[in-house]
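Student: Give me a 3D structure for the following:
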Amino acid sequence: MKQRRIGNVQVGAVGLGGMPMSIEGRPEIGRSVRTVHAALDAGVTLIDTADAYHLHADEVGHNETLIAQALASWGGDASGVLVATKGGHLRPGDGSWTVDGSPAHLREAVEGSLKRLGVDAIGLYQFHRPDPGVPYEESVGAVRDLLDEGKIRLAGISNANVEQIRQARQILGGRLASVQNQFSPAFRSSEPELRLCDELGIAFLPYSPLGGIARAGELGDRFGGFAQVAAAHGVSPQRVALAWMLAKSPRVVPIPGASRPESIIDSAQAPELALTDAEQALLDAA
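Tutor: Model prediction:
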């Protein structure tokens, strides 16, 4: 697979989002492990997770544990795989989401993630979502301290606006490696953040790039231009959507969620799909 860069680490141009394997509607663990193995076999070397990817209050970090198990049981060399996890977003277990961006919580969260992933340092750690009750500089400052201490190797932020990207980059002393925001054919309001990341040389990681768990299969029906281009190339509309994102900037590394091997195998082929300028324009306008 073609390579892109996050900080000083090269990764495959398409990653794997682990969220669907651990929240509502999650598959049995065997299928999830096969999905991760299929991704690795296809050349995926970035896996995205978070301590909040779980269902019940007593299983915090379910997805982190699953990813660690899948990596340990894969037959290949997983030393080059970058696992990105996040902290600061919580699920109490009643289906709701809450936030805690306090430095104390983030420090505690990192320790838990280290244990579940079975590593001495987290490859990429991202502040999951701004907490209105905590000054942003305090939350990002905690991530900076963890970076300085060697608990994490790369630092990122998620669900951030342009101002927060600039602020985080300054707080981290120019070491902001990634921004993970929602971006898809249906959700394009992160275009300014994508452009800023391109300008500053920061990796931009679109989450839910196919429209989310429930809508990914409907992408071609909802956006006719993607179906049109897909038919012309004999590929899926989902693969076209990822190729469209990749063409926007060399900093883009989409992380489609998957819970079936077939899905991630298809997504992993997106970097090989070359779109014409006319097709890119058609998709931009779709």
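Student: so who does Arg260 touch?
Tutor: Pro27, Arg31, Thr35 (C-beta atoms under 8 Å, 6 or more residues apart in numbering). Every C-beta, even on glycine, is put in place using the N, C-alpha and C of the backbone.
Student: From Val33, how far off is it?
Tutor: As defined by C-beta to C-beta, to the nearest Å, Arg260 lies at a distance of 12 Å from Val33.
Student: Setting aside sequence neighbours, what's the nearest residue to Leu40?
Tutor: Trp74 (5.5 Å; C-beta to C-beta, 6 or more residues apart in numbering).
Student: which stretches of the stretch 101-250 of the chain form helices?
Tutor: 103-117, 136-148, 162-171, 191-200, 219-222, 224-233, 237-246 (DSSP state H, counting those that start in this stretch).
Student: tell me the mean pLDDT for the first one?
Tutor: Okay, so that is helix 103-117. For helix 103-117, the mean pLDDT works out to 98.
Student: list the helices and strands that helix packs on?
Tutor: Counting contacts by 3 or more C-beta pairs under 8 Å, 6 or more residues apart in numbering; DSSP states H and E, helix 103-117 packs against helix 62-73, strand 82-87, strand 124-127, helix 136-148.
Student: what's around Ala241, how many residues?
Tutor: 30 (other C-beta atoms under 10 Å).
Student: doesn't Val229 make contact with it?
Tutor: No: contact criterion C-beta atoms under 8 Å: Ala241 and Val229 do not qualify, at 9.4 Å.
Student: hey, what's in contact with both of these two?
Tutor: Joint contacts of Ala241 and Val229 (C-beta under 8 Å, 6+ apart) are Leu283.
Student: Report the buried residues of stretch 46-64.
Tutor: Judged by neighbour count using 16 or more other C-beta atoms under 10 Å, the buried positions of stretch 46-64 are 46-54, 60-64.
Student: Over to stretch 83-102?
Tutor: Quick answer for stretch 83-102 (16+ other C-beta under 10 Å): 83-91, 99-102.
Student: Can you lay out those residues as a markdown table showing distance to Gly212?
Tutor: Formatted as a markdown table, the buried residues of stretch 83-102 follow (distance: C-beta to C-beta, whole Å):
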| residue | distance to Gly212 |
| --- | --- |
| Val83 | 22 |
| Ala84 | 19 |
| Thr85 | 20 |
| Lys86 | 17 |
| Gly87 | 22 |
| Gly88 | 21 |
| His89 | 16 |
| Leu90 | 20 |
| Arg91 | 17 |
| Val99 | 20 |
| Asp100 | 24 |
| Gly101 | 24 |
| Ser102 | 29 |
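Student: Any chance of TSV for the helices and strands packed on helix 103-117, columns mean pLDDT and distance to Arg251?
Tutor: TSV is the format used below for the helices and strands packed on helix 103-117 (pLDDT from 0 to 100; distance: least, C-beta to C-beta, whole Å):
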stretch	mean pLDDT	distance to Arg251
helix 62-73	98	24
strand 82-87	98	15
strand 124-127	98	14
helix 136-148	98	20
